[in-house]
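Peer 1: here you go, sequence then predicted model.
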Amino acid sequence: MSPALEQRFQLSGVELSQREIDQARLELLRRRVTTFGTVVGLLLMLLAAIQLWVSSVLPSGSGARPGLLAALGSIVVGVAIIVSPRVRRRQIQQTTLHSLVWRTIWIVTFTVLSQAIGAMVLSAGITQALRPLGFEGTLGPIFVLVVFVVVLHTAAAVIVPWTVLEACVPPAAWAGITLIASLFGNDSPDAVLFGVSLTLLAGVPGVAITFFRAGGLRETLGLRLIGARYAEVERELLFARRLHERLFPGPVRDGPIRLEYAYEPMRQIGGDFLDVSRARDGSLLVVMIDVTGHGVAAALAVNRLHGEMKRLLAESHETTPADIIKALNKYVHLTLADESVFATAVAARVWPDGRARLCVAGHPPPLLRGADGSVSSIQPTAAMLGPFTPEEFAADDAELRLSHGDALMLYTDGTIEARDAKGDDLGQTALERFLAEATERESLPDAVLRRITAYRSSAAEDDVLIAAITMSPAP
């Protein structure tokens, strides 16, 4: 790889290579090549119109006929330059940056050369127009060409994302051609030097524009490239979120045990997870996991834990919540803890007769709301998953009974860590009040989440997952 391709610069915290910048420059040039052709073609047509007007006022035999031919030629060339990018759009999309840049350079260079005859006609017309003002000399075509060079080269420098070196090529080519042409004339060395210098100076405005735009253009291209990257990442995250949320179960709305939940990730995807399965004895097992961290890393950890959960349940659907927590702790300790990834979890199994067993591993205390609106909490029965070895880790089940109309709410810590405008956390006390005040006209998780959202003064700072296990009302 050449040293130029290994050059790198830092922009908005993202490192971009020269190859990436060149790719962005190519995409920009492909979009602007039609505009470039249109501008050059319109300039040629404008010049043709001026040539036709001058030809009409010149005396017969003073260049009227050559001026007419030159004007018609300019119109043909102008139309061809305008139409060509539109007709060859597919080919342009496959052209390399080097080829496309040099194509614009040659168009600018030879467009000026094609106006040699027209410049003679225009210079003759201008000379005739200046006679009444006392002008006694003869205006050479070089002066007309220089004006056209300034206009055309400056317009091209504004449209085409040239580098400074590329912008210098057309003036240098014109100066070289002027020097070669002077060898076949009788001009003095001073006149030749003047003509070459004038041609070079005609490219100064365009080169200056390119020079001052170079830094801004590079930054603009870099920002566009970064924007395209972020857009691609955004699309991938949206797709990842759909895949991640497919891991979540659907609500359970039939039978004696019901389940509703509400999920609000802090970012596109999060580290909270809910798993629901039904055993052959009719019991419902609900496992809620909250992985430390946020975003993609936490979601990847969740996906691994989801696979481990499926493996555990495939071995036994009747396993106790404490056994599930122990198995998850072993998995986290052996596979994730070395990357400082830990988790809290709660596993609850509820039977149709209302019996329930819970194991709470470092997780916020689940809340039990009675049919009368009273709310109580269930304290953790195990430590966080991951820091302790399987031999050091202990987990026990808490037992309780749910009556008809009772609800057991599980939630992650993002729920009680919502902050108001003063920076105060919501806390468990307020959450218990929200749960007690929730009505039966909507699902409990949705009602509580709405109250939490109203309490927050800004966007969530952590993932929020709320699930409610309820016993159906008595017939």
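Peer 2: Structure's in. What do you need?
Peer 1: what's the domain layout of this protein?
Peer 2: Following automatic domain parsing, the chain resolves into domains at 3-233, 248-471.
Peer 1: how far off centre is stretch 93-112?
Peer 2: With C-alpha atoms, centre = their mean, to the nearest Å as the basis, stretch 93-112 stands 30 Å off its chain's centre.
Peer 1: stretch 365-373 too?
Peer 2: Distance, centroid of stretch 365-373 to centroid of chain: 45 Å (C-alpha atoms, centre = their mean).
Peer 1: and of the domains of the chain, who's closest to R242?
Peer 2: domain 248-471 (9.5 Å; C-beta to C-beta). Just so you know, the C-beta spots here come from the backbone N, C-alpha and C atoms, and that holds for glycine as well.
Peer 1: that closest one - what's its average pLDDT?
Peer 2: Here domain 248-471 scores 88 as its mean pLDDT.
Peer 1: now render the domains of the chain as JSON lines, adding mean neighbour count and distance to R241.
Peer 2: As requested, the domains of the chain are arranged in JSON lines below (neighbours: other C-beta atoms under 10 Å; distance: least, C-beta to C-beta, whole Å):
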{"stretch": "domain 3-233", "mean neighbour count": "16", "distance to R241": "12"}
{"stretch": "domain 248-471", "mean neighbour count": "19", "distance to R241": "5"}
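Peer 1: the ones you listed into TSV, with extra columns for distance to A240?
Peer 2: Shown next, in TSV, are the domains of the chain (distance: least, C-beta to C-beta, whole Å):
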stretch	distance to A240
domain 3-233	10
domain 248-471	5
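Peer 1: mind checking which of those domains is nearest F239?
Peer 2: Between F239 and the domains of the chain, the shortest gap by C-beta to C-beta is with domain 248-471, which sits at 9.7 Å.
Peer 1: might one say that V296 is in contact with I269?
Peer 2: Yes. Counting by C-beta atoms under 8 Å, I269 is a contact partner of V296 at 6.4 Å.
Peer 1: and the closest residue to L28 other than its chain neighbours, what pLDDT?
Peer 2: Distances taken as C-beta to C-beta, 6 or more residues apart in numbering place P161 nearest to L28, at 5.3 Å, with adjacent residues excluded. On pLDDT, P161 comes in at 86.
Peer 1: what are the phi and psi angles of P161?
Peer 2: phi -80, psi 70 (degrees, to the nearest 10).
Peer 1: what of I378?
Peer 2: Dihedral angles for I378 - degrees, to the nearest 10 - are phi -120, psi 120.
Peer 1: give me the element M45 is part of.
Peer 2: Per DSSP states H and E: M45 is located in helix 18-57.
Peer 1: following that helix, which helix or strand comes up?
Peer 2: The first helix or strand that comes after helix 18-57 along the chain, using DSSP H and E, is helix 64-87.
Peer 1: Provide the contact partners of that next one at residue level.
Peer 2: 33-34, 36-38, 40-45, 47-49, 51-52, 54-56, 58, 92, 107, 111, 114-115, 117-118, 120-122, 125 (C-beta atoms under 8 Å, 6 or more residues apart in numbering).
Peer 1: packing partners for the longest helix belonging to the chain?
Peer 2: Using DSSP state H, we find that the single longest helix of the chain is helix 204-245. Counting contacts by 3 or more C-beta pairs under 8 Å, 6 or more residues apart in numbering; DSSP states H and E, helix 204-245 is packed against strand 8-11, strand 14-17, helix 18-57, helix 141-159, helix 164-182, helix 295-315.
Peer 1: export those as a markdown table, with columns for distance to R401.
Peer 2: Putting the helices and strands packed on helix 204-245 into a markdown table (distance: least, C-beta to C-beta, whole Å) gives the following:
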| stretch | distance to R401 |
| --- | --- |
| strand 8-11 | 62 |
| strand 14-17 | 57 |
| helix 18-57 | 63 |
| helix 141-159 | 78 |
| helix 164-182 | 81 |
| helix 295-315 | 24 |
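Peer 1: looking at the ones you listed, which is closest to P365?
Peer 2: Short answer: helix 295-315, nearest of these by C-beta to C-beta, at 21.4 Å.
Peer 1: just the angle for the closest one relative to helix 204-245, thanks.
Peer 2: Helix 295-315 runs at 20 degrees relative to helix 204-245, counting by axes from the mean of the first three to the mean of the last three C-alpha atoms, to 10 degrees.
Peer 1: so how far is helix 295-315 from its chain's centroid?
Peer 2: Computed by C-alpha atoms, centre = their mean, the chain-centroid distance of helix 295-315 equals 29 Å.
Peer 1: helix or strand right after it?
Peer 2: helix 321-335.
Peer 1: picking up where we left off before, and the next helix or strand past the longest helix of the chain?
Peer 2: Past helix 204-245, the next helix or strand by DSSP H and E is strand 257-264.
Peer 1: so which elements touch that following strand?
Peer 2: Counting by 3+ C-beta pairs under 8 Å, 6+ apart, strand 257-264 packs on strand 272-278, strand 284-291, helix 444-455, strand 464-471.
Peer 1: nearest to A172, out of these?
Peer 2: Across the helices and strands packed on strand 257-264, closest to A172 is strand 284-291 (C-beta to C-beta), at 62.7 Å.
Peer 1: parallel or antiparallel, list what pairs with that closest one.
Peer 2: strand 272-278 (antiparallel), strand 343-350 (antiparallel) (DSSP bridges).
Peer 1: tabulate the ones you listed (JSON lines), appending distance to D254.
Peer 2: Converted to JSON lines, the strands paired with strand 284-291 look like this (distance: least, C-beta to C-beta, whole Å):
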{"stretch": "strand 272-278", "distance to D254": "11"}
{"stretch": "strand 343-350", "distance to D254": "15"}
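Peer 1: nearest to L449, of those strands?
Peer 2: Comparing the strands paired with strand 284-291 by C-beta to C-beta, strand 272-278 comes nearest, at 12.7 Å.
Peer 1: the closest one vs helix 321-335, what angle?
Peer 2: Using the same axes, to 10 degrees, strand 272-278 lies at 140 degrees relative to helix 321-335.
Peer 1: quick one, strand 272-278 and strand 464-471 angle?
Peer 2: Inter-element angle recorded for strand 272-278 and strand 464-471: 20 degrees (by the same axes, to 10 degrees).
Peer 1: what sits up against strand 272-278?
Peer 2: 247-249, 252, 259, 261, 263, 265, 284-291, 302, 305-306, 309, 313, 317, 412, 414, 463-465, 467.
Peer 1: now the angle from it to strand 257-264?
Peer 2: Going by the same axes, to 10 degrees, strand 272-278 makes 160 degrees with strand 257-264.
Peer 1: what's the offset of strand 272-278 from the middle of its chain?
Peer 2: 33 Å.
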